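Novice: Predicted structure and sequence below. I'll ask about it afterward.
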2 protein chains.
Amino acid sequence: MPANSTNMQYILIADDNPDITDVLSNYVKKEGYEPLVASDGEEALSKFFEYQPVVVLLDVMMPKMDGYEVCRNIREKSDTPVILVTARGEDFERIMGLDIGADDYIVKPFSPSEVMARVRAVLRRMTKHDHEENERTRLTIGNMTIDIKEYSLYMNNEQVSMTKKELETVWTLANNPEKLFTRDNLLNSIWGYDYYGETRTVDTHIKRIRGKLDAYEHPEWSIKTVWGAGYKFVINK
Amino acid sequence: MPANSTNMQYILIADDNPDITDVLSNYVKKEGYEPLVASDGEEALSKFFEYQPVVVLLDVMMPKMDGYEVCRNIREKSDTPVILVTARGEDFERIMGLDIGADDYIVKPFSPSEVMARVRAVLRRMTKHDHEENERTRLTIGNMTIDIKEYSLYMNNEQVSMTKKELETVWTLANNPEKLFTRDNLLNSIWGYDYYGETRTVDTHIKRIRGKLDAYEHPEWSIKTVWGAGYKFVINK
DNA sequence: CGAAAGTGTGGAGAAATCTTAAAGAAAAGG
DNA sequence: CCTTTTCTTTAAGATTTCTCCACACTTTCG
């Protein structure tokens, strides 16, 4: 399952056999991803750059441009995981040796569930890589501390229980003090750009956040409503 | 003049397939290291002692002397990190367990970026080691003690029978109190990066662990569910 | 001031996520 | 081999969180 399940996550499936892409599309949907189908190499490449899928499934044998070539092209610009689908007998040494840079490969005939298992695995490996000690993980303003690594928030060193969305919302606001976030901004960055719900949902979350945090005094900062616009985290001087 | 008198950092790549060593050499260079290529086990060993590389990448299957043997020889004289490259299906328990002493392993097929990630990881661990000198093998929190060397767990000095995965899971969590582990994190670090199963498996293990440990009181700590995120080991104040 | 538009809030139902149990699959041990 | 243990998968039921609505309240502006 994707880390942020509300975001629309595309998976590109490139194969010239529609029976295969159909079956895989269904599985991909069942796992909560949005399938993106291409029937030849060129189409695969252009869709890749247009949609930026999270994983690419490439049949090695395709019209116009074969899977190796597509993979190589993708690798020049991106680290997006690529899984090659090869016919039995293909030698993986060769695949690797040609500097294609695929992340995994599957030998035909495969079961769709096997494919999805590999997709999950490849994505899982990915998420580890992302969190490799470079980004800010902790933030303190006044008597509030948020630690995203622990997924926790402290007021006066005392932990305050927050739900995921609440925590992400404070984190987003507090990381950009003084910056105005419209409700749509917040929906986009926290809920995901494919969220089709009410903008007022943000209000409810702000309400809950305030309810929890205002149980403590915090003269150094506050979450301010900007009339007709949105919310912002302000630091009081 | 010995080659290692310069401040050049070598990485030894041993594989009898020149395509693979070529690809890896390029990646190694890109990361600022100097690749050192060997096409069989004996060559690997002699180059190792001549150049004293900072990391060794060993294919398990090589002419003259296989990767296990090379690794064992290196271990007799040095703590230089060794990463073994194995074919899928090799038993990793055997690799990591027996007297071979490798630091990590990679299953073919691998993507070059994955290899480099592991090289970085192993080097990072190494530098830490230098400062800490001895790794923790035993951990006590409240009335629980885990000894990972003897693979056992005690509650109130009374041994509780745990399966391997259960023990490794508690060990991982308890060694990083307060830190959130997503299910994917746990799958990666305990099950391994080439595990192709369901995320929910983690839940089942957590349930069993709780079942066993909650038979005892342990007010000092607990394994907490972080909704929508994962699990963490918390210390109660 | 009064109307219109925007925001705060409580609560109920919906949705998402977890727990648990149970059974099948895989691995380990005789 | 067959038995036992451990691991994985699945699905129903429980729990938590999220969303939405109705209505009160506030601000803006003619």
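Specialist: Cool, got the structure.
Novice: my read: residue A:38 touches residue A:50, true?
Specialist: No: look at residue A:38 against residue A:50 with CB atoms under 8 Å: they stay out of range, at 10.7 Å. From N, CA and C alone the C-beta is placed, and that goes for glycine too.
Novice: More neighbours: which of these two?
Specialist: residue A:38 (24 against 10; other CB atoms under 10 Å in any protein chain shown).
Novice: show me what contacts the nearest residue to residue A:87 once chain neighbours are set aside?
Specialist: Leaving aside its chain neighbours, residue A:87 sits nearest to residue A:108 (5.5 Å; criterion: CB to CB, 6 or more residues apart in numbering or on different chains). Counting by CB atoms under 8 Å, 6 or more residues apart in numbering or on different chains, residue A:108 makes contact with A:85, A:86, A:87, A:88.
Novice: gap between the longest helix anywhere in chain A and the chain center?
Specialist: Of all segments of type helix in chain A, defined using DSSP state H, the longest is helix A:112-130. Put simply, helix A:112-130 sits 13 Å off its chain's centre (CA atoms, centre = their mean, to the nearest Å).
Novice: who touches that helix?
Specialist: A:1-3, A:11, A:23-24, A:26-28, A:31, A:54-55, A:57, A:81, A:83, A:103-104, A:106, B:114, B:117, B:182, B:184-185, B:187-188, B:193-197, B:199.
Novice: Name only those of these that count as buried.
Specialist: The neighbour count (16 or more other CB atoms under 10 Å in any protein chain shown) marks A:1-3, A:11, A:24, A:27-28, A:31, A:54-55, A:57, A:81, A:83, A:103-104, A:106, B:114, B:117, B:182, B:184-185, B:187-188, B:193-196 as buried among the contacts of helix A:112-130.
Novice: hmm, back to that, let's see which of the contacts of helix A:112-130 end up in helices.
Specialist: Using DSSP H, those in helices are A:23, A:24, A:26, A:27, A:28, B:114, B:117, B:184, B:185.
Novice: From the residues you listed, which one has the minimum pLDDT?
Specialist: Across the ones in helices among the contacts of helix A:112-130, the smallest pLDDT goes to residue B:114, namely 73.
Novice: For that one, give its distance to residue A:103.
Specialist: Counting by CB to CB, to the nearest Å, the separation of residue B:114 from residue A:103 is 7 Å.
Novice: again with residue A:12
Specialist: Residue A:12 sits 13 Å away from residue A:103, going by CB to CB.
Novice: quick one: low-confidence ranges for chain A?
Specialist: By pLDDT under 70, the low-scoring segments of chain A are A:1-8, A:89-99, A:128-134.
Novice: rerun at 50
Specialist: Scanning chain A for pLDDT under 50 picks out A:1-6, A:130-131.
Novice: If you rank the contacts of residue A:108 by neighbours, which is first?
Specialist: residue A:85 (23 neighbours).
Novice: Remind me what the helix or strand harbouring that residue packs against, helices and strands.
Specialist: Counting by DSSP states H and E, the element that carries residue A:85 is strand A:82-86. Strand A:82-86 makes packing contacts with strand A:55-59, helix A:67-77, strand A:104-107, helix A:112-130 when contacts are defined by 3 or more CB pairs under 8 Å, 6 or more residues apart in numbering or on different chains; DSSP states H and E.
Novice: Okay, angle between it and helix A:112-130 too, please.
Specialist: With axes from the mean of the first three to the mean of the last three CA atoms, to 10 degrees applied, the angle from strand A:82-86 to helix A:112-130 works out at 150 degrees.
Novice: now strand A:82-86 against strand A:55-59, angle please.
Specialist: With the same axes, to 10 degrees applied, the angle from strand A:82-86 to strand A:55-59 works out at 20 degrees.
Novice: Check which strands are paired with strand A:82-86 and give the direction for each one.
Specialist: strand A:55-59 (parallel), strand A:104-107 (parallel) (DSSP bridges).
Novice: would you list those in TSV and tack on distance to residue A:142?
Specialist: Compiled in TSV, the strands paired with strand A:82-86 are given as follows (distance: least, CB to CB, whole Å):
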stretch	distance to residue A:142
strand A:55-59	42
strand A:104-107	47
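Novice: So which of those is nearest residue A:178?
Specialist: Comparison of those against residue A:178 by CB to CB identifies strand A:55-59 as nearest, at 38.0 Å.
Novice: Relative to DNA strand D, how far out is residue A:196?
Specialist: Residue A:196 is 7 Å from DNA strand D, where distance means CB to the nearest atom of the strand, to the nearest Å.
Novice: which among the contacts of residue A:108 gets closest to DNA strand D?
Specialist: Checking the contacts of residue A:108 against DNA strand D by CB to the nearest atom of the strand gives residue A:85 as the nearest, at 20.6 Å.
Novice: With distance to DNA strand D as added columns, please give the strands paired with strand A:82-86 in a markdown table.
Specialist: Compiled in a markdown table, the strands paired with strand A:82-86 are given as follows (distance: least, CB to the nearest atom of the strand, whole Å):
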| stretch | distance to DNA strand D |
| --- | --- |
| strand A:55-59 | 19 |
| strand A:104-107 | 16 |
